[in-house]
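Q: Sequence first, predicted model second:
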Amino acid sequence: MLGVADVRRTPRRQSAIAACAATLALLALALAPSAARGAPEAVVRVDQLGYPNEGSKRAYLMSSVPEAGAPFVVARTSGPIVYTGTVAEPSAAWNAAFPYVYALDFDPVTAPGTYRVRVGPSASPAFRIASPQSLYSPALANALYFYENERDGPEYVPSALRTAPAHLNDARAMTYLTPKVNVNGGFVREPESLGRRMDASGGWWDAGDYLKFVQTTSYAVDVMLSGVRDFPAAMRARHGADFTDEARFGVEWLMKMWNERTRTLYYQVGIGEGNHSTVGDHDIWRLPQADDTYGGSDPRDRFIRNRPVFRAGPPGAPISPNLAGRLAAAFALCYQDFRESEPGLAGRCLLDGESIFALANTEPQGRLLTVIPFSFYPEREWRDDLELGAGELALALEHAGPLPRGLPHREPAYYVAQAATWAKAYLRRGPSVSEGLNLYDVSGLADYDLVRAMRAGADERGLAAGEAETLGGLRAKLVQAGEQAAGDPFGFGFPWAQSDTASHGDGLAVMAAEYDSLTGTHEYAGEQIGWLGNVLGANPWGVSMIVGDGSVFPDCLQHQVANLAGSLAGGSPVLAGAVVEGPTDEPSSGEVEGMRRCEEGPGREYARFDGQGSLFEDNVQAFTSTEPAIDLTATSMLAFAWETVSGALR
C-alpha cells in the first residue's frame with residue numbers, strides 16, 4: 001500500500017527466532033527497574049464479543065505489582081455482583097510495565113446478561129454472556145459485510161462506505177505475460193502484451209488496496225463455501241448472515257480467471273508498485289471508482305485506468321500446485337454447495353476443478369507462483385493445497401448427481417487416494433512447515449475433509465495415509481499450539497511476535513473444533529474459546545482484532561475505503577467484520593498523499609503494552625498491524641460458525 005514491499009507478506013519467522021526474542025524480553029524484565037516505582041497500574045482483558053453461557057470463561061489481569069490473593073468479582077453492568085473469585089499465581093511475565101499476568105476464571109457464571117470483571121478499581125470492558133447463536137450471529141453478519149464492501153466491478157453492494165461501482169474497465173482488460181519485477185513489484189521492463197482482452201471484472205479486492213489475486217481469492221472461497229456447506233443454519237439462513245450469494249460471487253470471478261476451453265489460467269489483476277514511468281496501485285490513495293478515468297490520458301497512469309491481467313502460463317501448461325490445489329477445492333466445493341440449487345453452475349465448477357487438478361505441477365522447481373512480486377505472498381509449501389483439492393473433489397463425487405461430460409475421473413476413490421498421498425507427503429515434511437489454518441497452510445481444513453471423505457466409504461487399504469494418521473496430523477498441530485500456549489501469559493497458541501497473528505488465532509480455533517468434532521470429544525473446547533477470545537480482546541493490548549466485534553477495535557485501518565469514507569474514531573461507519581494483521585514483530589510507516597491521519601495522533605497509545613518482541617499500532621501507516629485482507633478474515637467465519645454448533649453441544 002505504501003510503495004514498499006508489504007511486510008505482512010514476508011516469510012514467517014522460525015520458531016527459534018521467536019523463542020529467542022521471548023527469552024531476551026524476559027531477561028530484560030529481570031534487569032529492568034521495577035515498574036512499580038510509580039503508581040501501581042492494572043488492566044483487565046476479556047473477550048469483548050462475549051462468552052457462550054455453557055463454555056469456559058477466562059479474563060486476564062495485567063498488573064505492575066503482585067496481585068495474588070486479591071479478590072476479583074464479576075458484576076452485571078447494572079451493578080449486582082454475581083461471582084467472586086481469588087486471583088491465583090501469575091501465569092508469566094509480559095513486559096517491564098506489566099510483569100504480572102493472572103488468569104481469572106469464572107465458568108460458573110452462565111446467566112445471560114452484560115457484565116464486567118473487576119479487580120479493585122480496575123474494570124474490564126463490558127461483555128455479554130449469551131447463547132452461542134446470540135453471540136456469534138452478529139459477528140458472522142459483520143464478516144459478510146466486510147466481503148460485500150470488498151466487492152469490485154458492477155455488482156457492488158451499496159453501503160455507508162460504498163457508493164459506486166469500480167474498475168468497470170476490467171471487463172475488457174488486456175492480458176500480459178508475467179513481467180520481470182524488483183522485490184517491491186516495480187517493472188524492470190515493460191510487460192509484454194498477449195494481444196487478447198478478457199473479462200476480469202468482479203471479484204474481491206485483496207486487502208486495503210485494489211489488486212485482485214487468485215492466490216487469496218481461492219483461499220477465501222474455499223473457506224466460505226465449506227462454511228456454507230457445513231453450517232447452513234449459521235451461513236445459509238434466510239435471515240441474518242447468508243453467505244450463499246457472496247460465495248457465488250467469488251466463484252464466478254475465479255471461473256473468469258480460468259479458461260476451460262484453452263486450459264489457460266490467469267492469476268492477477270493490477271500491479272502493486274510502479275516504476276519511473278508507471279504508477280502502480282500502491283502509489284496512490286483514492287476511492288476505487290476514481291480509477292477508470294484516473295489521470296485522464298496521462299500515460300503514467302495507464303495501468304490504473306486499464307489494469308493488466310497476468311497469465312500463469314501458456315494454454316495447457318502445468319499449473320503451480322498451490323494454485324491448482326486451492327482452485328480445484330474451490331470449484332469442487334462450488335459443486336457440493338450448488339449441485340441442487342444451480343446444477344448448471346455446479347457442473348461447470350466440477351469440470352473446471354478436475355481439469356485444473358489434472359494440470360497441477362507436482363514437481364515444481366524454484367518459487368511457487370503466487371502473485372507478483374513473490375514477496376507479497378511468499379508461499380513455499382504446496383502439498384497441503386493438493387491434499388485439499390483432491391479431498392474436496394472426492395467429497396463432490398461421493399454424493400454426485402448427474403455428472404458433466406468430459407470429467408477426467410468420476411470415482412471418488414481416485415481423489416481419496418490422491419489426497420492421502422499428498423497428506424502423507426506433507427506429514428513427511430515435519431513440524432517445521434506446520435502451522436495453524438491460514439493462507440499459507442490449508443492442511444487444517446484438508447485433514448478434516450479428508451477424514452470425512454474416508455469415512456464416506458473409502459477403502460483405506462493401499463492409501464498412503466489412513467484415517468488415524470491423517471487425524472494424527474491434525475492433532476499434532478494442536479499439540480504444537482498447546483505447547484506454545486503453555487508458555488504464553490495469555491494462553492495464545494501462536495507467537496505474538498510474528499505476522500498474521502489474528503488470522504492464526506481464528507484458524508487454531510477452527511482446528512480445535514474440527515478435531516473435537518471428528519473424535520466426538522470436548523478435548524479442545526477450552527482452547528477453541530480461548531484462542532478465539534485472544535483475537536477478540538483477551539490479549540495484552542485489550543483490542544479486538546476484528547473491527548466492530550467488541551468495544552475496542554482498530555479505528556485507523558490501512559484500507560483506502562475505510563480511511564476515506566469511514567470513521568477514524570470507532571464511530572459509524574466502520575469496516576465491520578474486517579480482520580486486521582494484528583500484533584506483529586515488524587513496525588511499518590509511510591504516508592501516501594491523500595491519507596486521512598488518525599484522529600488520536602500517531603497511534604502508539606498501545607506501546608506500553610508491547611512485549612516479548614511484539615507490538616501493535618493503530619495507525620493507517622502501520623499496515624503490518626492494521627491492514628485487513630480477504631484471507632485474514634476468512635477463518636473468522638468458520639471460527640464463529642463452529643462456535644454456534646460447538647457451544648450448543650457443550
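A: Right, received. Where do you want to start?
Q: any weak-confidence spans in the stretch 151-300 of the chain?
A: The model of the stretch 151-300 of the chain has pLDDT under 70 over residues 239.
Q: hmm, 90 instead?
A: Counting by pLDDT under 90, the stretch 151-300 of the chain shows low-confidence ranges at 179-190, 237-241, 273-277.
Q: how about the helices in it?
A: Ranges of helices in the stretch 151-300 of the chain, per DSSP state H, counting those that start in this stretch, are 214-230, 232-235, 244-257.
Q: Please identify the deepest-packed of those helices.
A: Comparing those by mean neighbour count (mean count of other C-beta atoms under 10 Å), helix 214-230 ranks first with a mean of 26. Every C-beta, even on glycine, is put in place using the N, C-alpha and C of the backbone.
Q: For the stretch 1-150 of the chain, just list every one of the helices.
A: Per DSSP H, counting those that start in this stretch, the stretch 1-150 of the chain carries helices over the ranges 15-31, 132-149.
Q: mind checking which of the helices of the stretch 151-300 of the chain is nearest Gly186?
A: Judged by C-beta to C-beta, the one of those that comes nearest to Gly186 is helix 214-230, at 19.6 Å.
Q: how near is Pro373 to Lys180?
A: As for Pro373, its distance to Lys180 is 10 Å (criterion: C-beta to C-beta, to the nearest Å).
Q: And these two? Which one has more around it.
A: Set Pro373 next to Lys180 and count neighbours by other C-beta atoms under 10 Å: Pro373 wins out with 21 against 11.
Q: give the contact list for the closest residue to the more buried one other than its chain neighbours.
A: Excluding its sequence neighbours, the residue lying closest to Pro373 (C-beta to C-beta, 6 or more residues apart in numbering) is Gly185, at 4.1 Å. Gly185 sits next to Ala5, Ile271, Gly272, Glu273, Gly280, His282, Ile372, Pro373, Ser375, Phe376 when contact means C-beta atoms under 8 Å, 6 or more residues apart in numbering.
Q: Show me the chain divided up by domain.
A: 33-130, 133-536+630-649 (automatic domain parsing).
Q: Kindly reformat those domains as JSON lines and extend each row with distance to Glu605.
A: Listed next are those as JSON lines, based on distance: least, C-beta to C-beta, whole Å:
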{"stretch": "domain 33-130", "distance to Glu605": "13"}
{"stretch": "domain 133-536+630-649", "distance to Glu605": "18"}
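Q: Highest mean neighbour count out of these?
A: Among the domains of the chain, highest average neighbours (mean count of other C-beta under 10 Å) belong to domain 133-536+630-649, with a mean of 21.
Q: For that domain, what is the distance to the chain centroid?
A: Remark: domain 133-536+630-649 is offset 10 Å from the chain centroid, using C-alpha atoms, centre = their mean, to the nearest Å.
Q: out of the domains of the chain, which comes closest to Cys556?
A: When those are ranked by proximity to Cys556, the top entry is domain 133-536+630-649, at 11.5 Å, counting by C-beta to C-beta.
Q: Could you find the closest non-adjacent residue to Ser503?
A: Nearest residue to Ser503, sequence neighbours excluded (C-beta to C-beta, 6+ apart): Leu632, at 4.4 Å.
Q: Which strand or helix spans that neighbour?
A: helix 630-649 (DSSP states H and E).
Q: repeat for Ile356
A: Going by DSSP H and E, Ile356 is in helix 343-358.
Q: looking just at contacts, which helices and strands does the helix or strand just after that helix meet?
A: As assigned by DSSP H and E, the chain's next helix or strand after helix 343-358 is helix 383-398. Applying 3 or more C-beta pairs under 8 Å, 6 or more residues apart in numbering; DSSP states H and E, one finds that helix 383-398 contacts helix 321-338, helix 343-358, helix 412-428, helix 443-455.
Q: Dump these into a markdown table; add distance to Ala160 and mean pLDDT as well.
A: Output for those, formatted as a markdown table (distance: least, C-beta to C-beta, whole Å; pLDDT from 0 to 100):
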| stretch | distance to Ala160 | mean pLDDT |
| --- | --- | --- |
| helix 321-338 | 30 | 98 |
| helix 343-358 | 31 | 97 |
| helix 412-428 | 43 | 97 |
| helix 443-455 | 33 | 97 |
